[in-house]
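*Asks:* here is my input, please return the structure:
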Amino acid sequence: MIYAITLSPILNRTIDVEEIVYDDCNEIVEGRSRPEGRGIDVSRVIKEMGGQSIALGFIGGYSGLELEGRLINEGIVCDFIRINDEIRTKTIVYQRKKNLQTLLCTARPEVNPFEIAAFYNKIKEIPTDSYVVLGGAIPRGISDNFFAQVTTTLREKGVKVILDADEEVLKRGVNAGPHLIKPNIHEFGRLIGKNITDFEEVFDEAKPYLGLVEYIVVSAGPKGVAGISKEGNYLVAPPKVKVRSSIGAGDSLVAGIVFVLSNGGSFEEALALGVACGTASTLNSGGGLCVKEDVEIIKKDVIIKKF
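*Replies:* From the prediction side, this is the model:
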């Protein structure tokens, strides 16, 4: 089973108006809401590919109930810990006449020690041989060492952790020995404390981390993905497509990779599907993720070179 963790999910609300008229009542032309978060998007893509996962994390307040309800309606299995604080919300007010938008974001929720303990106990119940995807923002009240602690606990149980993080969270997480890490090229540069400009440097600088991590995947947008492992290094190039939005491409990449690995596929097969999923997601605007039909078409044109 795959478990996708989003510690601090967010409920996006988009409101369309013709134009904002100040000090007057503005009629809403259209409104829509959508749950967001790295783990949530991973769960969506896994479902699109025909698999199943369980969404974990913290939710609270009426917005949290709405978020969970919307995910259940999408067919995603949820097992969230309920907290006292309200989850994050982002309200986007879009003015159609001016083609302008205003973003209003609430602060990350604060999680208390009892809620953290409840979540940690749930983590301990994850069965052996499962896959867990860790990533995204961390709520207030939780230390940067939390992902490392979770990784250590799960690794000792034989659970494989996929870590998608940045800066101090990634540095500490790597030392805990996750199964796979997936930084983009800029995040990888911050991990090693060096500006990275090409994949040749990535392959050289990643070698020392293979003592801690089984697989390293470094993404660089349309340039493709570098896959580093003891069994061999891979350079995976996607076909050229008309990009409408890059939002969610990284999460789609992770979802494709973990979907293949959890089904017993090879690292090379996982990279191929992951790149196809990530590329397919760029075909959709407005945060839309990949569609299985697009993934299958794009995968045929993915080029993989092994070193």
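
*Asks:* and L11, what does it touch?
*Replies:* For L11, the contact set (Cβ atoms under 8 Å, 6 or more residues apart in numbering) comprises 33-36, 63-64, 66-67, 87-90. C-beta: built from backbone N, CA, C; applies to glycine.

*Asks:* mind checking which of the residues you listed are in helices?
*Replies:* 63-64, 66-67 (DSSP state H).

*Asks:* now for the residues you listed, which pair is the farthest apart?
*Replies:* By the measure Cβ to Cβ, G64 and E66 form the most distant pair in the ones in helices among the contacts of L11, at 7.3 Å.

*Asks:* more crowded one of those two?
*Replies:* Between G64 and E66, G64 has the larger neighbour count (other Cβ atoms under 10 Å), namely 24 against 17.

*Asks:* test my guess that the more buried one contacts R88.
*Replies:* No: the criterion here is Cβ atoms under 8 Å, and G64 misses it with R88 at 9.8 Å.

*Asks:* got any residues that touch both of those two?
*Replies:* 9, 11.

*Asks:* the domain parsing of this protein - what is it?
*Replies:* The record's domain split for the chain, according to automatic domain parsing, is 1-133, 179-307.

*Asks:* who are the contact partners of the residue nearest the centre of the chain?
*Replies:* Central residue of the chain (Cα atoms, centre = their mean): R38, 2.9 Å from the mean position. By Cβ under 8 Å, 6+ apart, the residues touching R38 are 4, 6, 133, 135-136, 164, 251, 254.

*Asks:* now do the SS call for L134.
*Replies:* Applying DSSP: H, G, I helix; E, B strand; the rest coil to L134 yields a three-state assignment of strand.

*Asks:* close enough to count as contact, K124 and V150?
*Replies:* No: in this structure, K124 is not within contact of V150 by Cβ under 8 Å, at 9.8 Å.

*Asks:* these two: who's more crowded?
*Replies:* Counted by other Cβ under 10 Å, K124 and V150 do not tie: V150 has more neighbours, with 25 against 10.

*Asks:* and the next element down the chain from the helix or strand hosting that one?
*Replies:* Using DSSP states H and E, V150 sits in helix 146-156. Counting by DSSP H and E, the next helix or strand C-terminal to helix 146-156 is strand 160-164.

*Asks:* buried sites along that following strand?
*Replies:* Of all the residues in strand 160-164, those buried under the rule 16 or more other Cβ atoms under 10 Å are 160-164.

*Asks:* counting contacts, what elements does that strand pack onto?
*Replies:* In terms of contacts (3 or more Cβ pairs under 8 Å, 6 or more residues apart in numbering; DSSP states H and E), strand 160-164 is packed against strand 131-135, helix 146-156, helix 167-175, strand 180-181, helix 249-262.

*Asks:* switch to 7 Å and redo it
*Replies:* strand 131-135, helix 146-156, helix 249-262 (3 or more Cβ pairs under 7 Å, 6 or more residues apart in numbering; DSSP states H and E).

*Asks:* which of the ones you listed sits closest to G57?
*Replies:* Closest among these, using Cβ to Cβ: strand 131-135, at 10.6 Å.

*Asks:* mind listing the strands that closest one pairs with, and their directions?
*Replies:* Applying DSSP bridges, strand 131-135 is found paired with strand 2-6 (parallel), strand 160-164 (parallel).

*Asks:* which of those sits closest to V291?
*Replies:* Between V291 and the strands paired with strand 131-135, the tightest spacing by Cβ to Cβ is seen for strand 2-6, at 19.2 Å.

*Asks:* what angle do that closest one and helix 146-156 make?
*Replies:* Angle, strand 2-6 to helix 146-156, by axes from the mean of the first three to the mean of the last three Cα atoms, to 10 degrees: 170 degrees.

*Asks:* chain center to strand 2-6: distance?
*Replies:* 9 Å (Cα atoms, centre = their mean, to the nearest Å).

*Asks:* all good on my end, thank you.
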